[in-house]
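Student: Dropping the sequence and predicted coords here.
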Amino acid sequence: MSWVDRFRRRSSPGKAAPSAETSAELGEFLGSRSGVEAFIEPPTAVYAMTLCLVAGDGEHLRRPVKNERDAKRLCAEHGVPLYDARIVGYPKRMRQYDQGVREAAVSLDELPPLDVVDRPSEADPGEG
């Protein structure tokens, strides 16, 4: 080993392709949750490029992806918006999900009935 070899870059952690199991987990999450958004996370010195999927209730799944193009393809197949986590950050519901906080959802059954008041028109065409 020469002195120069010590400064050469080792293989980057972001170059490995995700396994078939990882791809299946991402696909299952996308197919079984509603309101899913995807956030691409850049590779770091320790971790590969990852895709973080966040469901409407805040449940999330983070798995490695090969590159941004594969992440875009996966999201396009499932009709899920893809955001860059460095630019937009993460939704607040992720933290709330981890803390066990649930926002109260209002269903249509809980809303009061709509009162419709018929107002007579000022100039009724039938009356003369």
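Tutor: Yes, it's here.
Student: which residues touch the residue nearest the centre of the chain?
Tutor: Ranked by distance to the mean C-alpha position of the chain (Cα atoms, centre = their mean), the top residue is E37 at 1.9 Å. When the contact criterion is Cβ atoms under 8 Å, 6 or more residues apart in numbering, the partners of E37 are L53, V54, V80, P81, Y83, P91. Where you see a C-beta, it was placed from the backbone N, CA and C, and this is true even at glycine.
Student: Strands along this structure, start to end?
Tutor: 37-41, 50-54, 60-64, 82-84 (DSSP state E).
Student: Please go through this structure and pick out the longest helix.
Tutor: helix 20-32 (DSSP state H).
Student: ok, and for it, which residues are buried?
Tutor: S23, L26, F29, L30 (16 or more other Cβ atoms under 10 Å).
Student: thinking again about what came up before, as a markdown table, the strands of the chain with distance to V117 would be great.
Tutor: Below are the strands of the chain laid out as a markdown table (distance: least, Cβ to Cβ, whole Å):
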| stretch | distance to V117 |
| --- | --- |
| strand 37-41 | 41 |
| strand 50-54 | 43 |
| strand 60-64 | 46 |
| strand 82-84 | 45 |
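Student: any low-confidence regions in this structure?
Tutor: Along the chain, segments meeting pLDDT under 70 span 1-18, 103-108, 110-111, 119-128.
Student: let's see 50
Tutor: 14 (pLDDT under 50).
Student: Now do the buried residues in stretch 83-98.
Tutor: Y83, P91, R93, M94, Y97.
Student: want to throw the contacts of E37 into JSON lines with distance to R63?
Tutor: Conversion of those to JSON lines gives the following (distance: Cβ to Cβ, whole Å):
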{"residue": "L53", "distance to R63": "8"}
{"residue": "V54", "distance to R63": "13"}
{"residue": "V80", "distance to R63": "14"}
{"residue": "P81", "distance to R63": "18"}
{"residue": "Y83", "distance to R63": "16"}
{"residue": "P91", "distance to R63": "18"}
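Student: I'm done for today, thanks for sticking with me.
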